[in-house]
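1. Give me a model of this one.
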Amino acid sequence: VIIGWFNVGWAYFYTKKPVHDPADLKTQKLSVAGVGLPQLSDAFKAAGFRTEDVPPDKLLQSMKTPGGVEGFYTIPMYAYAGQYYKSLPYILDAPICPVMAAFVISEKSWSEIPGQYKAAMMEAVKKAEKNFTSAQRSSDSEYINRCVEGGCTLVTLTPAERTVMEDTLVSDAAAMIKTGLFDQALYDDVQALLQKSRSKK
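-> Residues are numbered from 1 along each chain as shown. Alright, predicted model coming up:
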């Protein structure tokens, strides 16, 4: 039973060389899935990216090795805590997606909780979600600043560069969906929600 969803941060690309357009990103070897989800790596390849599946415990070593991983995406806190930012000194200032975590309870445990307590429990989780989201926003900014203080360069796209990047990534998403890893209907629903949200700004 899913009790709640928590945004633990937004994913940013960290790379060895600065990225100003899709070509800059696609010419660098990326680690996108480790060895646990090779289908994701295949989906990125279908969109023209260079990828290499590396076990998490070998990732930092690969980044330090000539010919190894040249980029990956993660939340800033993880990039800082894992010291990955020291090997990938450029941060693309364009968060690509939220990283979500679920609060899950087994059906057996959920059924053992008295019904009169469930509503209060769910309300407490909702409040925690809001507090967590607020803390996450400041956390991303804090750890990006720490990475910059540690030697990273934050690469900010010009409006023209951002437009090219966004348009290309939309096309790339279509190629990735064709691999069967992502659900077309769900993607369309998310795009519709994004368009609705942007139209209100």
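
2. What is the neighbour count of residue 127?
-> Neighbours of residue 127 under the rule other Cβ atoms under 10 Å: 11. Where you see a C-beta, it was placed from the backbone N, CA and C, and this is true even at glycine.

3. need the contact list for it.
-> Applying Cβ atoms under 8 Å, 6 or more residues apart in numbering, we find residue 127 in contact with no residue.

4. What residues sit buried inside the strand or helix carrying it?
-> Following DSSP states H and E, one finds residue 127 within helix 115-149. Neighbour-count burial for helix 115-149 flags 129, 132, 136, 139-140, 143-144, 146-147 (criterion: 16 or more other Cβ atoms under 10 Å).

5. I'd like the next helix or strand past that helix.
-> strand 153-155.

6. Now do the buried residues in that following strand.
-> So strand 153-155, judged by 16+ other Cβ under 10 Å, has buried residues residue 155.

7. Equivalent analysis for stretch 175-184, please.
-> Those would be 176-177, for stretch 175-184 by 16+ other Cβ under 10 Å.

8. and the lowest-mean-pLDDT helix or strand in the chain, what other elements does it pack with?
-> The helix or strand of the chain with the poorest confidence is helix 184-199; it has a mean of 80 (mean pLDDT, DSSP states H and E). When contacts are defined as 3 or more Cβ pairs under 8 Å, 6 or more residues apart in numbering; DSSP states H and E, helix 184-199 sits against helix 159-177.
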